[in-house]
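S.K.: got a predicted structure plus its sequence, pasted below:
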Amino acid sequence: NHITSLEFIFGIIYERSDVALRTKARKKMGYLLYNFVLTCGSGGGGGTSSSGGLLLGMENTSAAGIDNILKVMLRILKGISLRTASDEILLRDSHRHLLVNVLLPLHKPSGMVLWRDQKPILDLYHKTLVQCIATIVSLDMSLIGKVIQHLLHPDVWPLEGSHKNGKGQGSKMANTPKVILLLHEVDTYIGLIHVENLETCKQQSEDTILSDTMLPLALRLASCISSDNSRTSERALEFFKNKKFELLVKLHASKVMTPFLKALCRINTGMDVPWNPTVRKMTLLVLKDLESYDKDGFEKSCIDIFSKGGRNRTIAIKEHEKSTGSVQIQSHTEAPSADMFSFRKSMGSWQPPSKQSGSGH
């Protein structure tokens, strides 16, 4: 409560201060945020001991007060007049500096407040941080691509699983909650794009503001879609519910069709069917949507993917037959029916024992 009261008092003082004092206040807030990123770094799983080891039972309080500072900064960003008499948007260099050097680096911490609760440090101030960034990029839509590219960078985006480095000096731990937050944030920024701009680019065959970002974004989403973690996969599939994202996919279908199809069909994981029923249903719906976007491109990508995979599987089977002397079993010529995969069909001629046969035991 005392931190919330301090935030309110500071906001009142800022509103009634002169220009010089306001400038000092903004510099001080920027310094506090910048210093937090430097001291927190990539973060850990909880608190850290003096030797640098993780104390998973210790709460990480390094982000205390960051959300309150961002709330004051959000009020400042919304209150500053950025329009001239002709209603022309003017984005100052100081705002670009704030975005690039202060706000975006706040995504770097990958530690947990408390590992037991699986609550990332970023979650403590993420909502207000997204609002601050959205306020700036809404004034200059060309910045959306740069912001998304920053979020996709390996220094910000956590690993989806444990991965030891080549030198064996440790490992980065998976942080699914942070991945979910970043996916939500990227989806939010895409929602800020004006549909009219996308329609104009489609009609005039011009590049969109995300032309250079769509392929890296598609690869990242494909990695999330094919993940074994149902939360990650489901949140990535929800991008296709965003009408503006659908328009972007249609405009850049030649770039993103193949990565999405490989992920949806899980080519790299043996084409295993997702275990989660919601993910299975959403996967089927997205496949239908992709086919409706560009039927010719969809068919071409399928031929490229599955014909290559089919050749590889045929070669592997033949090599296996040569090495083991086994004979490949001929497949049924009849078309598979739904009954072939039913429980009754798998039982065959088996019948449960009658009561009479079991009465003598």
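M.R.: Received it, and whenever you're ready, just let me know what you need.

S.K.: going forward, measure contacts between C-alpha atoms and count neighbours the same way
M.R.: OK.

S.K.: residues touching the closest residue to residue 191 other than its chain neighbours, list them.
M.R.: Once flanking residues are discounted, residue 191 sits nearest to residue 244: 6.3 Å by CA to CA, 6 or more residues apart in numbering. Residues near residue 244 by CA atoms under 8 Å, 6 or more residues apart in numbering: 190-191, 193, 195.

S.K.: at 7 Å what do you get?
M.R.: By CA atoms under 7 Å, 6 or more residues apart in numbering, the residues touching residue 244 are 190-191, 195.

S.K.: what are the phi and psi values at it?
M.R.: Backbone dihedrals for residue 244, given as degrees, to the nearest 10, come out at phi -70, psi -30.

S.K.: now do residue 119
M.R.: The phi/psi pair for residue 119 (degrees, to the nearest 10) is phi -110, psi 110.

S.K.: quick check: it touching residue 112?
M.R.: Yes - with contact defined as CA atoms under 7 Å, residue 119 counts as touching residue 112 (5.5 Å).

S.K.: of the two, which one has the most company?
M.R.: Ranked by neighbour count (other CA atoms under 10 Å), residue 119 and residue 112 place residue 112 first, with 26 against 18.

S.K.: from residue 294, how far out is that one?
M.R.: As for residue 112, its distance to residue 294 is 42 Å (criterion: CA to CA, to the nearest Å).

S.K.: over to residue 234?
M.R.: 23 Å.

S.K.: just want to know which of these two has more residues nearby.
M.R.: Set side by side, residue 234 and residue 294 show more neighbours around residue 234, with 21 against 17, by other CA under 10 Å.

S.K.: now the more buried one: closest residue in space that isn't a chain neighbour?
M.R.: Excluding the flanking residues, the one nearest residue 234 by CA to CA, 6+ apart is residue 279, at 5.7 Å.

S.K.: need the contact list for the one you found.
M.R.: Here residue 279 is in contact with 230, 233-234 (CA under 7 Å, 6+ apart).

S.K.: quick one, phi/psi of it?
M.R.: Per-residue torsions, residue 279: phi -60, psi -40 (degrees, to the nearest 10).

S.K.: what about it, distance to residue 137?
M.R.: In terms of CA to CA, residue 279 sits 32 Å off from residue 137.

S.K.: one more: residue 77?
M.R.: Distance of residue 77 to residue 137, given as CA to CA: 11 Å.

S.K.: residue 7 now?
M.R.: Residue 7 is 25 Å from residue 137, by CA to CA.

S.K.: and the two? Which one has more around it.
M.R.: Legend: neighbour count by other CA under 10 Å for residue 7 and residue 137, higher for residue 137 (22 against 18).

S.K.: pLDDT wise, what is residue 86 at?
M.R.: If you check residue 86, the pLDDT there is 42.

S.K.: begin at 455 from now on, thanks
M.R.: All right, first residue 455 from here; so that's residue 540.

S.K.: and the helix or strand harbouring residue 745, which residues are buried?
M.R.: In the assignment (DSSP states H and E), residue 745 maps to helix 731-747. If you call a residue buried by 16 or more other CA atoms under 10 Å, then helix 731-747 has these buried ones: 733, 736-737, 740, 744, 747.

S.K.: torsion angles phi and psi at residue 750?
M.R.: According to degrees, to the nearest 10, residue 750 has phi -70, psi -40.

S.K.: what is the burial count for it?
M.R.: 11.

S.K.: ok, now how distant is it from residue 756?
M.R.: Counting by CA to CA, the gap from residue 750 to residue 756 is 10 Å.

S.K.: what's the following helix or strand after the one helix or strand residue 551 maps to?
M.R.: For residue 551, the host element (DSSP H and E) is helix 547-552. Per DSSP H and E, helix 547-552 leads on to strand 566-568 as the next helix or strand towards the C-terminus.

S.K.: strands paired with that following strand, and their directions?
M.R.: As defined by DSSP bridges, the strand partners of strand 566-568 come to strand 573-574 (antiparallel).

S.K.: ok, then the element right after the strand it pairs with?
M.R.: From strand 573-574, the next helix or strand downstream (DSSP H and E) is helix 580-591.

S.K.: residues making contact with that following helix?
M.R.: 521, 524-525, 528, 553, 597-598, 639, 643.

S.K.: take those and keep only those in helices.
M.R.: 521, 524-525, 528, 597-598, 639, 643 (DSSP state H).

S.K.: narrow those to those that are buried.
M.R.: By 16+ other CA under 10 Å, those give 521, 524-525, 528, 597-598, 639, 643 as buried.

S.K.: tell me if I'm right that residue 603 and residue 666 touch.
M.R.: No - assessed by CA under 7 Å, residue 603 is found out of contact with residue 666, at 9.1 Å.

S.K.: so the two - more neighbours on which side?
M.R.: Regarding residue 603 and residue 666, a neighbour count based on other CA under 10 Å identifies residue 603 as having more, with 17 against 13.

S.K.: what's the pLDDT at that one?
M.R.: So, for residue 603, pLDDT stands at 94.

S.K.: what residues sit buried inside stretch 713-732?
M.R.: Neighbour counts using 16+ other CA under 10 Å place 713-720, 728 of stretch 713-732 among the buried residues.

S.K.: any chance of these in TSV, with pLDDT, distance to residue 517 and secondary structure too?
M.R.: Formatted as TSV, those follow (pLDDT from 0 to 100; distance: CA to CA, whole Å; DSSP: H, G, I helix; E, B strand; the rest coil):
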residue	pLDDT	distance to residue 517	secondary structure
713	92	37	helix
714	93	36	helix
715	92	40	helix
716	91	39	helix
717	92	36	helix
718	91	37	helix
719	89	40	coil
720	87	38	coil
728	81	37	coil
